[in-house]
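Peer 1: Provide a 3D model corresponding to the input given below.
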Amino acid sequence: MKCAIITGGSRGIGKAVCIKLAEETDYHILITYQSNDAAANETLDEIKALGKTGEILKFDVANSTETKSVLESWQENNPEATVEVIVNNAGITRDGLFMWMQEEDWNSVINTSLNGFFNVTNFFIQKMLRNKYGRIINMVSVSGLKGTAGQTNYSAAKGAVIGATKALAQEVAKRNITVNAVAPGFIRTDMTSQINEQELKSMIPANRFGEAEEVADLVAFLASKKSSYITGEIININGGIYS
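Peer 2: Residues are numbered from 1 along each chain as shown. Model (predicted):
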């Protein structure tokens, strides 16, 4: 059984990626999530409605012990299963000006994006190298490239994942494993629901927010065999707001 794992797969961009990979591939979809049982089950139901298979795995990617424990138990129950695609999508924001930022708001954002990338990818990487095939796609952000005021923690976390993407890509390329990052701008999801879209869209050359499905299309391409000569890249998908 060949699998694709999508962290933070129950909502937003993660959910769109789960659905898109189910539509376009034969992968068994592993949806990881931290808290929202109803949303995770809804995503799984949509995958099943497409006639495809999947399952939900509940753990906090920032917690290395919990991540390892859930993934080990899954692997033991599915000894024949191979994860070929990893989409490190889980991320949180705790916005605020740096001068007033609490240590917890710094740590939780860094731990989810950066340590989450390590905990999940590191678990599967040796098997990927032995199988000589893999697609690793990291969800970053325009904030990680240009920095965003009020998001020093998030910009730092995503900037760090960008560096890790470029380094890991060089380590594993000989084994037919690609490592790329996707950097969305303003995408219409729960995470951006508090932002005034009318006010901001005038700053965006495309004059609109992006849709989660548009990001999922890009991820699906990077997860496919068609993208085999693209690695170590950070691909912007932001309507022209930054390049």
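
Peer 1: Output the lowest mean pLDDT helix or strand found in this structure.
Peer 2: helix 197-200 (a mean of 82; mean pLDDT, DSSP states H and E).

Peer 1: Could you check how far the residue lying farthest from the centre of the chain is from residue 149?
Peer 2: Most distant from the centre of the chain: residue 99, at 28.9 Å, with distances by C-alpha atoms, centre = their mean. Per C-beta to C-beta, to the nearest Å, residue 99 is found 12 Å from residue 149. All C-beta spots, glycine's among them, are computed from the backbone N, C-alpha and C.

Peer 1: residues shared between the contacts of the two?
Peer 2: Both residue 99 and residue 149 lack any common contact, where contact means C-beta atoms under 8 Å, 6 or more residues apart in numbering.

Peer 1: Give the phi and psi angles for residue 102, as a check.
Peer 2: Backbone torsions for residue 102, taken as degrees, to the nearest 10, come to phi -80, psi 150.

Peer 1: and it, what pLDDT?
Peer 2: Residue 102 carries a pLDDT value of 98.

Peer 1: Tell me how many other residues crowd it.
Peer 2: Number of residues near residue 102 (other C-beta atoms under 10 Å) recorded here: 11.

Peer 1: Repeat that for residue 62.
Peer 2: 22.

Peer 1: Equivalent analysis for residue 198, please.
Peer 2: The number of residues packed near residue 198 is 7, by other C-beta under 10 Å.

Peer 1: That one and residue 204, how far apart?
Peer 2: From residue 198 to residue 204 the distance is 12 Å (C-beta to C-beta).

Peer 1: What residues sit buried inside the lengthiest helix in the chain?
Peer 2: Assignment by DSSP state H gives helix 152-172 as the longest helix of the chain. Buried residues in helix 152-172, counting neighbours by 16 or more other C-beta atoms under 10 Å, are found at 152-162, 164-166, 168-169, 172.

Peer 1: swap in stretch 95-105?
Peer 2: Neighbour count says stretch 95-105 has 101, 105 buried, by 16+ other C-beta under 10 Å.

Peer 1: gap between the two ends of it?
Peer 2: Terminal residues of stretch 95-105 lie 8 Å apart, using C-alpha to C-alpha, to the nearest Å.

Peer 1: what comes into contact with that stretch?
Peer 2: 94, 149, 150, 151, 152, 153, 154.

Peer 1: now the residues you listed in TSV, with pLDDT and distance to residue 3?
Peer 2: Listed next are the contacts of stretch 95-105 as TSV, based on pLDDT from 0 to 100; distance: C-beta to C-beta, whole Å:
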residue	pLDDT	distance to residue 3
94	96	31
149	95	39
150	96	37
151	97	33
152	98	36
153	98	32
154	98	29
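
Peer 1: Closest one to residue 121 out of the residues you listed, please.
Peer 2: Residue 121 lies nearest to residue 154 out of these, by C-beta to C-beta, at 19.7 Å.

Peer 1: isn't that closest one right up against residue 142?
Peer 2: No - counting by C-beta atoms under 8 Å, residue 154 does not reach residue 142; the two are 10.6 Å apart.

Peer 1: Find residues that contact each of those two.
Peer 2: Joint contacts of residue 154 and residue 142 (C-beta under 8 Å, 6+ apart) are residue 148.

Peer 1: ok, the residue positioned nearest the centre of the chain to residue 155 distance?
Peer 2: Nearest residue to the geometric centre of the chain (C-alpha atoms, centre = their mean): residue 89, 1.7 Å. For residue 89, the distance to residue 155 (C-beta to C-beta) stands at 18 Å.

Peer 1: Noted, bye for now.
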